[in-house]
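Q: Next one to model:
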Amino acid sequence: MSEEFEYQDLSDAVFWGVRLNRATFRDVDFTGVRTHHVFLTDVEFDGFVDRLVINGVDVTDFVDAHDPWQPLRGILRPRTATEVMYGWQALSTAWATTITEATSHASDHLEESVNGEWSFLETLRHLVFVSDKWILDPLSGARWQAVGLPNTGSRNFGWPEVDLTLQPTLDEVLAVRRSQREEIEMLVRELRDDDLDRDVTVLENGRATVLDCWHTLLEEEFEHRRYALRDLAELVPDRFSPTGAV
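A: As a prediction, the model looks like this:
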């Protein structure tokens, strides 16, 4: 019987003689992992790559050169306030283009689900929630938006002001997104390097640094745009590409 390990800290653990056949790793931090005498057959990795060495060969440059999601994927782990601002602005621009294309060429499909995943509208609602949870609440104490959509496993947490019974229109959600982005833009412009290591409290997750919060926001904005484009390519294949080309 398969087991699920969620939100556990296994840093420095040693796995010896462990079978991980068909295991799924999601939102996992493999920084500093070392493997020996392993079998990698029919394995897929999808994520931020920074110095990947396989059998003594550094394949990082090869991976980056053939990754259609570069350079956006490469800015998801900023180390300075300037890099945070650059990442935020780049993703904001990418999302603005995607929303324009989606509303222009897939307006009849934005509430449709593909393979049980979130619709385009639900994806935007989730990013409203992410912005509240990881940036606006812990960094500025802003009110939570009622239209936010938590991830499935967190629906019953009891989020402030979030109303899961709402059925907002696309225009209503986009208006909330614009308002949030204006607030986030102000925060990122005021961000300084000496603020990045400060601890804040994130509801449900506990203590995190300011930099952790920005990392999470950037990753969520990046990944959910990928998912949205993947599904739009299924719904309107003559207009959208799963790699983001339009």
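Q: So which residue is smack in the middle of this protein?
A: Central residue of the chain (Cα atoms, centre = their mean): residue 220, 1.5 Å from the mean position.
Q: helix/strand/coil for residue 200?
A: strand (DSSP: H, G, I helix; E, B strand; the rest coil).
Q: picking up where we left off before, mind telling me what element the residue nearest to the centre of the chain is part of?
A: Counting by DSSP states H and E, the element that carries residue 220 is helix 210-235.
Q: what's the average pLDDT for that helix?
A: Taken as a whole, helix 210-235 has a mean pLDDT of 97.
Q: And it, how far out from the chain middle?
A: 4 Å (Cα atoms, centre = their mean, to the nearest Å).
Q: so after the one helix or strand residue 123 maps to, what's the next helix or strand?
A: Using DSSP H and E, residue 123 maps to helix 120-131. Sequence-wise, the next helix or strand downstream of helix 120-131 (DSSP H and E) is helix 137-140.
Q: Next, the angle from whichever helix or strand comes after that next one to helix 120-131.
A: The first helix or strand that comes after helix 137-140 along the chain, using DSSP H and E, is helix 170-190. Inter-element angle recorded for helix 170-190 and helix 120-131: 30 degrees (by axes from the mean of the first three to the mean of the last three Cα atoms, to 10 degrees).
Q: And helix 170-190, what does it pack against?
A: helix 81-105, helix 120-131, helix 137-140 (3 or more Cβ pairs under 8 Å, 6 or more residues apart in numbering; DSSP states H and E). Placement of C-beta: from N, CA and C, glycine included.
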